[in-house]
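Based on what follows, work out the 3D shape:
(4 chains)
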There are 2 protein chains.
Amino acid sequence: MAKVTRDDVARLAGTSTAVVSYVINNGPRPVAPATRERVLAAIKELGYRPDRVAQAMASRRTDLIGMIVPDARQPFFAEMAHAVEQAAAERGKMVLVGNSDYRDEREVHYLRAFLGMRVSGLILVSQGPSERAAAEIEAWDARVVLLHERPEAIDDVAVVTDDVGGAQLATRHLLEHGNDYVACLGGTESTPVVGDPVADHIEGWRRAMQEAGLTTEGRLFHAPYNRYDAYRVALGLLAGPDRPPAIFCSTDDQAIGVLRAARELRIDVPGELAVAGFDDVKEAGLTDPPLTTVFSDRPAMARAAVDLVLDDSLRVSGSRRERLKQFPSALVVRRSCGCGEPPATAR
Amino acid sequence: MAKVTRDDVARLAGTSTAVVSYVINNGPRPVAPATRERVLAAIKELGYRPDRVAQAMASRRTDLIGMIVPDARQPFFAEMAHAVEQAAAERGKMVLVGNSDYRDEREVHYLRAFLGMRVSGLILVSQGPSERAAAEIEAWDARVVLLHERPEAIDDVAVVTDDVGGAQLATRHLLEHGNDYVACLGGTESTPVVGDPVADHIEGWRRAMQEAGLTTEGRLFHAPYNRYDAYRVALGLLAGPDRPPAIFCSTDDQAIGVLRAARELRIDVPGELAVAGFDDVKEAGLTDPPLTTVFSDRPAMARAAVDLVLDDSLRVSGSRRERLKQFPSALVVRRSCGCGEPPATAR
DNA sequence: TGGTGTTACGGAGACGTTTCAGCAACCTCA
DNA sequence: TGAGGTTGCTGAAACGTCTCCGTAACACCA
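All right, here's what the predicted structure looks like:
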């Protein structure tokens, strides 16, 4: 069965191929209603579907947005990707997501692939794109928006939440519960000192501790961002002699690992250990106890990122600071911090 | 900065454009080593990157595989997608994943989009593609592989695990622990009776119950596949007067919801309630207690699906049965069933 | 009636590749 | 030495669409 092309449609409708194009794209030139009807009818009759590749070829653009995340299996990134997908769909775009698995080469690989596919823009949720990645972006002079992170390597628009402020909020809250101090579970030691949300979470925690006149010395611990590794690290930390009274985790997923470790060790949360996370992942509502955390407005951020990547007009070329779109964060109080009544069923 | 094209490379290397192509693709015609070097050098010097769109246009194929899943935020699908991505990468392909959100229209939307992009094949993890979807596939006569499910609507190759057998294994195991009977938490009532893995899980459970001379009457419950809804349903079920002694869940994610509900209700697992799931999602190892479940070999399945979608030679046109690639399942015994010592730290 | 717009439409040149067919030049072997 | 086969390369035709121009037809007005 030979492929139906625009030529077939034109022939059947008794018009030129150009007119068929005009009908399909509503422009750039007007078409008389009667002609339009004929074309539409022909399209329907033949079951014609424009070839996207050819369209992209000719028009030098696509309806595609490329998105690169470290690992879409982690709830936070999965939810972020989903939010972007939704936001893009609202604007008639499709998003291609690639997992970098935290590896530069994978990141560059996808970058190349997406750029080669002529995506109309890129949304990067990256642990600080490598030099190579930056070079690649440079070479294609692509439209890039950094989402969730704001690394130094790339000078581009970034959409983030108020990470410092949120972390401060959470830490303060933990302190207000009367805990002597709050420990912090940050990322791996290789986390960049600046630009990474986790680095900001640590900074926020540090500030809140300082406000309270407390030292942060020896109270910062490190673990990869996923619950599994966080669980392992927490097992060691909580079983040790100086178990902290409270922990602020830079990520909900980590907090989930900590909660699990506490249970394993029969440490009551929040009774013997208060915990807070960051992100307000959906699962935070279903942990035991429900996790107190910091809300980040993913749908809004996703929408902003998509808008920014699609509309050149929004891309002001001001200073670094001006090109940072920051969303406010808010504390979501649940029970892992010590707030609230125990549920009725628990007595 | 004008885009570097193949013509520029050819000019610099002092050859024809055809030779540049031959060098890039290693064929279809041979190129003298010296010439090849010159071309390679020119490519490097100019920083030339072939335009994938143009390549696709001319060669009428792409390195893309389309994949449609219901919701990549669910761990099982996320892991499956990741496995497929890996398998595809091994063969130099990229995978595009779309979320249908369990809606036919979204499915058709992605189908159209992927097909229009000339993907070299489609991997569907679908709750039984709709008629419309089937029609779309038909129209493009695309290469399709059904992964995880094997709906009736599409007559195509399917890659699945031994769902019936696995469920049987799990149910039997729960029975062997001395439970009077095993309840089953299946999918929503609208789950197709046949072709869906969950339907098969129910069937396996039914058989195991029958083997033991037990009735399944009134012992099958329904909930959507995610932990949140399962949690809600389980809350009702477990708080009721005839709480079952054991539950086999058709999905790990559901089992996680059940576990959470049990904890909420202070029902000891496995002491007062034995639980088993299906899929062996990564998280199953970190639940409390660790979840006994049925293993499905996702990497192998993903690889098989990718092979099948890429190699026509593998697509035998035998009977439905012959075109079903079934992977064995195995019981993964952890602690939610009642096996094993409690962890040292727990006493 | 001639000039000036306006509206609909068609021809045809991109877009950047792949790959077929063709053509020299050179080798091999009887 | 000449026929036949390789080898290495080139020219140019696709691939299916978009879109710039050009043109024809027609209306309107002075």
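
Count the neighbours of the closest residue to A:R143 other than its chain neighbours for me.
Excluding the flanking residues, the one nearest A:R143 by C-beta to C-beta, 6 or more residues apart in numbering or on different chains is A:G121, at 4.2 Å. In this view, the C-beta of every residue, glycine as well, is placed from N, C-alpha and C. For A:G121, the neighbour count with other C-beta atoms under 10 Å in any protein chain shown is 23.

residues in contact with the one residue in the stretch 201-347 of chain A that gets nearest to DNA strand C?
Checking the stretch 201-347 of chain A residue by residue against DNA strand C with C-beta to the nearest atom of the strand singles out A:D312 as nearest, at 19.8 Å. The contact partners of A:D312, by C-beta atoms under 8 Å, 6 or more residues apart in numbering or on different chains, come to A:R143.

Pop the domain breakdown of chain A in here.
Taking automatic domain parsing as the criterion, chain A consists of the domains A:11-50, A:64-161+A:298-328, A:163-296+A:331-346.

how about those domains in JSON lines, adding mean pLDDT and distance to B:D288?
Converted to JSON lines, the domains of chain A look like this (pLDDT from 0 to 100; distance: least, C-beta to C-beta, whole Å):
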{"stretch": "domain A:11-50", "mean pLDDT": "87", "distance to B:D288": "51"}
{"stretch": "domain A:64-161+A:298-328", "mean pLDDT": "86", "distance to B:D288": "18"}
{"stretch": "domain A:163-296+A:331-346", "mean pLDDT": "92", "distance to B:D288": "5"}
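
so can I have CSV of the ones you listed showing distance to DNA strand D?
Output for the domains of chain A, formatted as CSV (distance: least, C-beta to the nearest atom of the strand, whole Å):
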stretch, distance to DNA strand D
domain A:11-50, 3
domain A:64-161+A:298-328, 12
domain A:163-296+A:331-346, 37
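
Out of these, flag the one nearest B:F76.
Within these, the stretch nearest B:F76 is domain A:64-161+A:298-328; the backing value is 10.3 Å (C-beta to C-beta).

if we can go back for a sec, tell me which residues touch the residue nearest to A:R143, please.
A:65-66, A:142-145, A:309-310.

Quickly note the distance from it to A:A183.
Per C-beta to C-beta, to the nearest Å, A:G121 is found 40 Å from A:A183.

So which residues of the stretch 151-300 of chain A form helices?
A:163-176, A:197-211, A:227-239, A:252-264, A:298-310 (DSSP state H, counting those that start in this stretch).

Sort out which one of the contacts of A:G121 lies nearest B:K3 for me.
The shortest gap between B:K3 and any of those belongs to A:A142, at 12.3 Å (C-beta to C-beta).

In contact with that closest one, which residues?
Contacts of A:A142 by C-beta under 8 Å, 6+ apart are A:115, A:119, A:121-122.

For it, give me phi and psi.
As for A:A142, its main-chain torsions (degrees, to the nearest 10) stand at phi -90, psi 160.

near DNA strand C, which residues of the stretch 1-150 of chain A?
If contacts are counted using C-beta under 7 Å from any atom of the strand, the residues of the stretch 1-150 of chain A sitting beside DNA strand C are A:14-19, A:29-32, A:34-35, A:57-58, A:60.
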